[in-house]
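# Any chance you could fold what I've pasted below:
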Amino acid sequence: MKKYKENCWVKVVFANDCIYEEWDDDREMPICYKCKIEYANCSCPGPTQDDLYEYKGIDGVLYAKKK
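Next comes the predicted model:
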């Protein structure tokens, strides 16, 4: 899993930004484009983790930082 520095703003990963393997015809297992593991198991910040991250938008892009 990819780890981030403590007070570093990182781009939020949305499910619709994920990639899918060629064999995944039903698109049931999205892969995070940043860390290359299953989206449900990746440690990249998602858009709805308010309990773990604070968010800010910059030029239409959402960023997160650990609380």
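# For the nearest residue to Tyr39 once chain neighbours are set aside, grab the count of nearby residues.
Spatial nearest neighbour of Tyr39, excluding adjacent residues (Cβ to Cβ, 6 or more residues apart in numbering): Pro30 at 4.3 Å. Quick note: C-beta positions are derived from backbone N, CA and C, even for glycine. Per other Cβ atoms under 10 Å, the neighbour tally for Pro30 reads 19.
# Any figure for the gap between Pro30 and Lys11?
17 Å (Cβ to Cβ, to the nearest Å).
# follow-up on the earlier one: from Tyr20, how far off is the residue nearest to Tyr39?
From Pro30 to Tyr20 the distance is 6 Å (Cβ to Cβ).
# And Asp50, by the same measure?
According to Cβ to Cβ, Asp50 stands 27 Å off from Tyr20.
# More neighbours: which of those two?
Shown here are Asp50 and Tyr20; by other Cβ under 10 Å, Tyr20 has more neighbours (13 against 10).
# That one: what's it in contact with?
27, 29-31 (Cβ atoms under 8 Å, 6 or more residues apart in numbering).
# Please indicate which of these are buried?
30-31 (16 or more other Cβ atoms under 10 Å).
# can the contacts of Tyr20 go into TSV with extra columns for distance to Glu38, secondary structure and pLDDT?
Shown next, in TSV, are those (distance: Cβ to Cβ, whole Å; DSSP: H, G, I helix; E, B strand; the rest coil; pLDDT from 0 to 100):
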residue	distance to Glu38	secondary structure	pLDDT
Arg27	13	coil	88
Met29	6	coil	92
Pro30	7	coil	93
Ile31	6	strand	95
